[in-house]
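S.K.: okay, sequence plus prediction incoming.
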Amino acid sequence: MDVRLFLALAVTPLALLAACGDDDASAGGDQPALVISAIPDQEPSELAAREEGLADYLANELDVEVQYAPVTDYAASVSLFRAGDLDLVFYGGLTGVQARLQTPGAVLLGQRDIDAEFRSVFIAGRDAGIEPLDDVQGLSALKGSRFTFGSESSTSGRLMPEYMLAEAGLDSAEDFAGEPGFSGSHDKTIDLVEAGSYDAGVLNSQVWEARTAAGTVDLDEVQVVFTTPTYHDYHWIAGPDLDDQFGAGFTDELGAALLALDGSSAEEKEVLLRYGATSVIPTEASNYDQIEEIARELGLVS
C-alpha cells in the first residue's frame, strides 16, 4: 500500500483522529498533505504530542494540511524520506547525514537553538561502582561494565559516545562485559540502567534533563557520571520536491515558518517546550562534517 494513502487513512488511531478533526481546516481540494515525521528516539506518546503540536503550527502558518507520520525505527525513517513518503523530518545528526546522502536535493531548514551545542550524558547505576568522571579519558573506567547505547543510528546515544570511548582507549566490541546493548531509545536506556539490566549507558542530555525534571528517574538508583563536550545534532530536513507538490517557493516558506519559531506567542512556546528549545536557528551542512567523518569510520555511511 502506498504510504501516503496509508497515512491519510490511519497510520495510528491518533493520526486518524487528528485527520478527522482537521476536516474543516484542511479543505484543500486535491492539494496533498505535508507529511512530517521524526526519528523514534523517545516514548511514542511524547513524540506524537510534540510532532502534532508542530503540525498544527505549520498548518496555520502555511495554510496546508499537515500530518504527523510515526515511524518504527531510524533506518525506516531514512528509507521513507528517500522514497518521498516523508516531506519534513526532524533528524538526529547521523540520520540527517544519511538522509541527505541518500536523497539528492534534500534541504536543511534549521535546528533548535540547543542543537548547536548538544551533549550526551553517560549514566551509571549507583551500585555499579562507577564514580563521576572528570574528562573523556576518564571513560576508561567503564571498561568491563555491562553497557548499553541507545539506537544503533543515534548520534547522541551511539555515534558521538562511541567516538569518545575510542578517545579514552575503549573498543566497544571488546572492552565491555559482553557485547554492548542497543536499547532503541533514550528513555529505554534510562529505564534499563535504573533497573540494573546494565551497569551504565549513554543518552542525549535533553531527554535526561526532561525526565529528571518530570520526576520519572529514580536518582537513588542511577546518576550521571560524565557529560560530553558539545557537538551539532538534531535538525529539520525537507524533501527535494516540495515546490513541485505545493507550489514554487514552498520550501522557502516552510523554512521561514520553522525559523519564525521564537516563542513570541503562547502557541510557539508550547511547541518549543516539547522540543526542549527556546527558538529555531539556521544551520548548514558543514556543521555535520565531523559526524559524517566519524560515521564513515564506523561504517555507518558509505
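M.R.: On my side now, so go ahead. Numbering: from 1, shown residues only.
S.K.: flag the shaky bits of the chain, pLDDT-wise.
M.R.: Per-residue confidence for the chain (pLDDT under 70) gives these ranges: 1-29.
S.K.: name the next helix or strand downstream of the longest helix seen in the chain, please.
M.R.: Counting residues, the longest helix found in the chain (DSSP state H) is helix 44-62. Once the chain leaves helix 44-62, the next helix or strand it forms, by DSSP states H and E, is strand 66-68.
S.K.: can you point out the buried residues in whatever helix or strand comes next after that following strand?
M.R.: Using DSSP H and E, the helix or strand that follows strand 66-68 in sequence is helix 74-82. By neighbour count on 16 or more other C-beta atoms under 10 Å, the buried set for helix 74-82 is Tyr74, Ser77, Val78, Ser79, Leu80, Phe81, Arg82. Where C-beta positions appear, they are placed from N, C-alpha and C, glycine not excepted.
S.K.: list just the nearest of those residues to Ala195.
M.R.: Closest approach between the buried residues of helix 74-82 and Ala195, by C-beta to C-beta: Tyr74, at 23.6 Å.
S.K.: without its sequence neighbours, what residue ends up closest to the closest one?
M.R.: Excluding the flanking residues, the one nearest Tyr74 by C-beta to C-beta, 6 or more residues apart in numbering is Ser153, at 3.9 Å.
S.K.: I'd say that neighbour and Gln98 touch.
M.R.: Yes. With contact defined as C-beta atoms under 8 Å, Ser153 counts as touching Gln98 (7.2 Å).
S.K.: which neighbours do these two have in common?
M.R.: Common neighbours of Ser153 and Gln98, counting by C-beta atoms under 8 Å, 6 or more residues apart in numbering, are Val78, Leu300.
S.K.: now do the helices in the stretch 101-250 of the chain.
M.R.: Using DSSP state H, counting those that start in this stretch, the helices of the stretch 101-250 of the chain run over 160-167, 186-195, 205-214, 242-246, 250-259.
S.K.: so how far is Lys188 from Leu219?
M.R.: 18 Å (C-beta to C-beta, to the nearest Å).
S.K.: that older thread, with distance to Asp30 as extra columns, can I get the helices of the stretch 101-250 of the chain in CSV?
M.R.: As requested, these are exported to CSV (distance: least, C-beta to C-beta, whole Å):
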stretch, distance to Asp30
helix 160-167, 44
helix 186-195, 40
helix 205-214, 39
helix 242-246, 11
helix 250-259, 16
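S.K.: can I get those in JSON lines including mean neighbour count and distance to Pro70?
M.R.: Shown next, in JSON lines, are the helices of the stretch 101-250 of the chain (neighbours: other C-beta atoms under 10 Å; distance: least, C-beta to C-beta, whole Å):
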{"stretch": "helix 160-167", "mean neighbour count": "21", "distance to Pro70": "25"}
{"stretch": "helix 186-195", "mean neighbour count": "22", "distance to Pro70": "15"}
{"stretch": "helix 205-214", "mean neighbour count": "18", "distance to Pro70": "17"}
{"stretch": "helix 242-246", "mean neighbour count": "16", "distance to Pro70": "21"}
{"stretch": "helix 250-259", "mean neighbour count": "19", "distance to Pro70": "20"}
